[in-house]
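J.: Fold the stuff below for me.
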Amino acid sequence: MLKRFSISLEEDLLEDFDEFIKQRSYENRSEAIRDLIRSSFIKDEWQGDNDVMGVITLVYDHHQPNLQEKVTELQHAYHHQIVSTTHVHMDHHNCLEVIIIRGKAAELKDMANRLSSLRGVRDGKLAMSSTGKHLH
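T.: As a prediction, this is how the structure comes out:
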């Protein structure tokens, strides 16, 4: 069931918000506000060390000595938290690894940090999400 409420914003802030809505192709302000609220709840889940889900993306040079073995070793160390992985050969030197993860937020952050900090990893990102249990 939807409930209506109203909010008051300074004119400049509302103009910025309307530009935000336009850039992200929201149909209306309500949908944008719902997403912002959900994002805040997801952030709280991660700060509270709850069960969460996320995606780690790594771009790395596969010619870096022992890097592939280190990536695999770390993934085995966290095998209970890994749902799925995908490996893509981007070009002669670069690979993309996408790792879908689920577990306690602190463990997942640790895994992402350890993988991203390996020598030869050119880019490492953790996209934090929710299990969906607490989102409406």
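
J.: What helices and strands are in contact with the biggest helix by length in the chain?
T.: Longest helix in the chain by number of residues (criterion: DSSP state H): helix 29-47. Here helix 29-47 touches helix 11-23, strand 51-61, helix 105-116, strand 121-129, going by 3 or more C-beta pairs under 8 Å, 6 or more residues apart in numbering; DSSP states H and E. No exception for glycine: its C-beta is placed from N, CA and C like everyone else's.

J.: Take the ones you listed and lay them out in JSON lines including distance to Leu74.
T.: Formatted as JSON lines, those follow (distance: least, C-beta to C-beta, whole Å):
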{"stretch": "helix 11-23", "distance to Leu74": "36"}
{"stretch": "strand 51-61", "distance to Leu74": "10"}
{"stretch": "helix 105-116", "distance to Leu74": "6"}
{"stretch": "strand 121-129", "distance to Leu74": "11"}
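
J.: Quick one, which of the ones you listed gets closest to Ile37.
T.: When those are ranked by distance to Ile37, counting by C-beta to C-beta, first place goes to helix 11-23 at 13.6 Å.

J.: in that closest one, what counts as buried?
T.: Counting neighbours by 16 or more other C-beta atoms under 10 Å, one finds that the buried residues in helix 11-23 are Ile21.

J.: likewise stretch 66-76?
T.: Along stretch 66-76, the positions that meet the burial threshold by neighbour count (16+ other C-beta under 10 Å) are Leu67, Gln68, Lys70, Val71, Gln75.

J.: Pull the residues that contact the least confident helix or strand in the chain by mean pLDDT.
T.: Scoring the helices and strands of the chain by mean pLDDT, DSSP states H and E places helix 29-47 at the bottom, with a mean of 88. Under the criterion C-beta atoms under 8 Å, 6 or more residues apart in numbering, residues 17-18, 20-21, 24, 26, 52, 105, 109, 128-130, 134-135 lie in contact with helix 29-47.
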